[in-house]
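Asks: here's a sequence, model it:
(chains A and B)
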Amino acid sequence: MSRLGLIVAAAGLIGLSLLDIPSYLNHLLILILLWSFVYTSWAIMGRFGLVSIGHGAFLGIGAYATALAWNYFAITPWLGIPLALLLAAALAALVGYPCFRKRVVGHYFALVTLALGEIVRLSIVAMRDYTGGSLGLTPNRVAEGTSIYAMQFVDKRWSYLIALTTWAIGLAIWTVVDRSMARHAMDAVAEDETAAAAIGIDVMREKMKIFILSAVMTAFAGSLLCQYQMYINPDTVSGIGISLQIVFAAVVGGMFTRWGPTAGAIFTIMLAELLRIAVGVKMVGLDNTVYGAMLVLFILFLPKGIFGTLAEKWSRRARLILNRKPT
Amino acid sequence: MFDLFLVEALVNGLLLAGVLGLLALGCNLIFGVIDVVWICYAELVMAGMYCVWYLYIQQHVPLPLAWGAAVALVAAIGALVHLGVIAPLLNTAPINQLLATGGLLFFLQSFSTLLFGVDFRSISIRMPLLEVFGIFISTARLLACGVALIAVAALFYFLKRTYLGHAVRAVSQDREIMALMGVDVRRVYLVTSLIGGGLAGLAGCVLLLQYDVHPSLGQTFGPLTFMICVLGGLGNLAGGFVAAVIISQIISVGGLWTHLEWGYVAAFVFFIVMLIWKPEGLMGTRS
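Replies: Predicted coordinates:
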């Protein structure tokens, strides 16, 4: 994308907040942006074969640590969120270190993360005296409604700007990682770990870096989701359902390209909303039925995802045009 | 008095192990022979449970017939899963098979919500409690444990005594060589998936004796199933039962002192430690 186009798009997205757009539309935009960030966080490690089916663990830690710090210790989210991020990083390091040391890869690694997600979900449920268990948790609202100190906003346009910034940061992190040496190192590791180690790549360090980065980003999204929705529930932030949904959206959008996870978020959220409008709420579970069937079909026929496949087609055509010799 | 509770927890844990062992049996077989993880395995068990519930409660079919139908249905689903999803993906990265069956998990879970709603369904058979030396034992668990042991015996007979069983074991040892030796690997895979599905159906039948069925049932039993498969060692059927005993004791005895969830948390932590420290399973040898 050209630089000019990027600036125009950014100005347009920021400008949206000045317009008085309907709150439903605004809500959809915020959801798409925040979830895009989550899917990007997942894909940042997923693209290197580190497939996690327990990212709900980090989402849950981000959401609950922030909310609990606010409710019980009156710690502002400005401090609570960094705290939650530290916690997520510590958990990722604690699990990642022995995993990578002992070379737990592929579907074994996936099973470890699956268990991790369950551990976090069950711990939240078990600490029901503080977390409210399966009933969920609501951060205490401040009396004045909007408070920067409490990171609570009545005007949804603030939430939109925060979500937009977060999303842009996610894309920026992706770009930085994509252009770094770490990316080449991780590509080599994903291809052949032994060979990568033989040419001097510190496999352990590279994997730890990318895993912790992904965990911290996911936890950050968890905190923001909590601040935005003002309600969290162990099943909606942790657990297998949400972890698989993250994988699904990233795969559908395309986990190997920068815009893929965003495409996945737009696609899944729009699909859910369209189904809800078309069929109504009486057919509970219809959206997930379609998701599930589509995930299978995508893995079978379109493993690079919607955006990945389109980008490939487009760039092939672009390459053809560019390579055409002037006559 | 506390000791009596402990003994009761131990005995109940042992009986739970029978159920969990049966639950893991089919998954383990598929894991061992085809080397794929059916993430949706517990959802197949759920499908079996719904089948029994629907036939027995809604259609008033006698229970044994309903059981037979459930086993047949889930066996057919198992074969379909293999032919439709696993077989085309066999030569791609293993993670693709995991994700595709993850999609099936989503599908089966939500589809059953569509069909049956989110309510808890039970076949409401009251099984008496047996009292032995002051310990209460549930007949349902006893029955489930018995069925599990019979299923294991039958599976062992098949694997050790029949021609096809030999082929299955041989394929699990070396896929490439057996294809060269003239074994139709595709047929072996299909038969394995059929049996694996049938075992899931059977597990569903006995599970319905003591648990209600609901769409998110798989979220409870799915992780447990993989845990047992991995702890016991891939394809190690006897190891699976040893792992089932350990896990069920952690849950049953661990749940005695504190919330049940902490028992599960302990089991999952144990699982992660085992997966990292000894991925070949408790009784396995490193190849």
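
Asks: neighbours around the closest residue to B:Ile57 other than its chain neighbours, how many?
Replies: In this structure, B:Ile57 finds its nearest non-sequential neighbour in B:Ile123, 6.0 Å apart by CB to CB, 6 or more residues apart in numbering or on different chains. (Each C-beta comes from the backbone N, C-alpha and C, glycine too.) The local packing of B:Ile123 (other CB atoms under 10 Å in any protein chain shown) involves 16 other residues.

Asks: can you tell me the SS state at B:Ile123?
Replies: For B:Ile123, the secondary-structure state derived from DSSP: H, G, I helix; E, B strand; the rest coil is coil.

Asks: mind listing what it touches?
Replies: B:52-53, B:56-57, B:63, B:208-209 (CB atoms under 8 Å, 6 or more residues apart in numbering or on different chains).

Asks: next one, pLDDT for the residue of the stretch 101-250 of chain A found nearest chain B please.
Replies: Among the residues of the stretch 101-250 of chain A, A:Ala126 lies nearest to chain B; the distance is 3.5 Å by CB to the nearest CB. The confidence metric pLDDT takes the value 85 at A:Ala126.

Asks: repeat that for the one 3 residues further on.
Replies: Reported pLDDT at A:Asp129 in the predicted model: 83.

Asks: helix or strand: which one has it?
Replies: Counting by DSSP states H and E, the element that carries A:Asp129 is helix A:128-131.

Asks: do the same with B:Gly182
Replies: Taking DSSP H and E as the criterion, no element holds B:Gly182; it sits outside all helices and strands.

Asks: next one: it relative to B:Glu176, how far apart?
Replies: Note on B:Gly182: its distance to B:Glu176, by CB to CB, to the nearest Å, is 13 Å.

Asks: do you know how far B:Gly198 is from chain A?
Replies: In this view, B:Gly198 and chain A are 22 Å apart by CB to the nearest CB, to the nearest Å.

Asks: in the stretch 1-150 of chain A, where is pLDDT below threshold?
Replies: For the stretch 1-150 of chain A, residues meeting the criterion pLDDT under 70 lie at A:1-2.

Asks: where do the strands of it begin and end?
Replies: Using DSSP state E, counting those that start in this stretch, the strands of the stretch 1-150 of chain A do not appear at all; there are none.

Asks: got the residues of it near chain B?
Replies: Counting by CB under 8 Å from any CB of the partner chain, the stretch 1-150 of chain A comes close to chain B at A:49, A:51, A:53, A:95, A:98-99, A:102, A:104, A:106-108, A:110-112, A:114-116, A:118-119, A:122-123, A:125-126, A:128.

Asks: go with 6 Å
Replies: Selection of the stretch 1-150 of chain A residues close to chain B by CB under 6 Å from any CB of the partner chain yields A:51, A:98-99, A:102, A:104, A:106-108, A:110-112, A:115, A:118-119, A:122-123, A:125-126.

Asks: number of nearby residues for A:Lys313?
Replies: Using other CB under 10 Å, A:Lys313 has 10 other residues around it.

Asks: and the buried ones among the contacts of B:Ile123, selectable in PyMOL?
Replies: Command for PyMOL that selects the buried part of the contacts of B:Ile123, burial taken from 16 or more other CB atoms under 10 Å in any protein chain shown:
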select buried, chain B and resi 52+53+56+208+209
